Structures are given as C-alpha cells and as structure tokens.
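Asker: with the input below, show me the fold.
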Amino acid sequence: MEEAKKIKCPSCKSFFKLDEMDEEGDIIFCLNCDAELEIKSIEPPKAELAKHDSYLEDCEDEDEEDAFGYDDEDEHEDSEEEDDDF
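Answerer: This is a model prediction of the structure:
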C-alpha cells in the first residue's frame, strides 16, 4: 500500500496529507492556516499560493457596481425621453 503524500504549505510551513484524488493544478486549502493553494507537483509534492484570476476580480468589481445601481443611469435617460412625448 502506498503511503499518503504530504505537502508543505508555503504560507505557514505546516505539512498535511494530499488526498488520493488530488491532481496537479487542483486548488486545495491548508488545514492549518486555510491558505488557498495550487498543487504544482504531485511527485515530489509541491504547492504554491493560488493566484487569483484578474478576470474574475474584474467581474466581481462589475457586480459591486451593479449592486449600487450605477448601470441604471441608462434607464433613467429612457424614462425622461418618454415623458417628453406627453
């Protein structure tokens, strides 16, 4: 039976076991400090802090703007034009 591989968290330096299903490129979380890690290698086991995709961050920024109603300005212009017709 193969011994479970241990991986070192680059943030807190603690070791924890990889799951048998974990693969290179997977995102995992450190059991000690909860850091988000990307598995870079299974043999030898190596992980790096996960880099966040700037595209996803841009989408989150757009969602925040929508929550504050910034995109509603176009609708207000349309309603003013309709009022002119009366």
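
Asker: what distance do you get for the nearest residue to residue 31 once chain neighbours are set aside to residue 7?
Answerer: Using C-beta to C-beta, 6 or more residues apart in numbering and skipping the chain neighbours, the partner closest in space to residue 31 is residue 16 (4.7 Å). Every C-beta, even on glycine, is put in place using the N, C-alpha and C of the backbone. Counting by C-beta to C-beta, to the nearest Å, the gap between residue 16 and residue 7 amounts to 7 Å.

Asker: so which of those two has more stuff around it?
Answerer: In this view residue 16 and residue 7 are compared by other C-beta atoms under 10 Å, and residue 7 has more residues nearby, 22 against 16.

Asker: residue contacts, the more buried one?
Answerer: Listed by C-beta atoms under 8 Å, 6 or more residues apart in numbering, the contact set of residue 7 reads 15, 16, 17, 18, 28, 37, 39, 45, 46, 47.

Asker: same thing with residue 8?
Answerer: Residue 8 makes contact with 14, 15, 45, 46, 47 under the criterion C-beta under 8 Å, 6+ apart.

Asker: quick one: which of those residues sit in strands?
Answerer: Members of the contacts of residue 8 lying in strands (criterion: DSSP state E): 15, 46, 47.

Asker: now for the closest residue to the last one other than its chain neighbours: which residues touch it?
Answerer: Same thing as residue 47. Distances taken as C-beta to C-beta, 6+ apart place residue 37 nearest to residue 47, at 4.1 Å, with adjacent residues excluded. Under the criterion of C-beta under 8 Å, 6+ apart, the contact partners of residue 37 comprise 7, 9, 10, 11, 27, 28, 29, 30, 47, 48, 49, 50.

Asker: quick check: of those, which has the highest neighbour count?
Answerer: Each of the contacts of residue 37 was scored by neighbour count (other C-beta under 10 Å); the top score is that of residue 47, with 24 neighbours.
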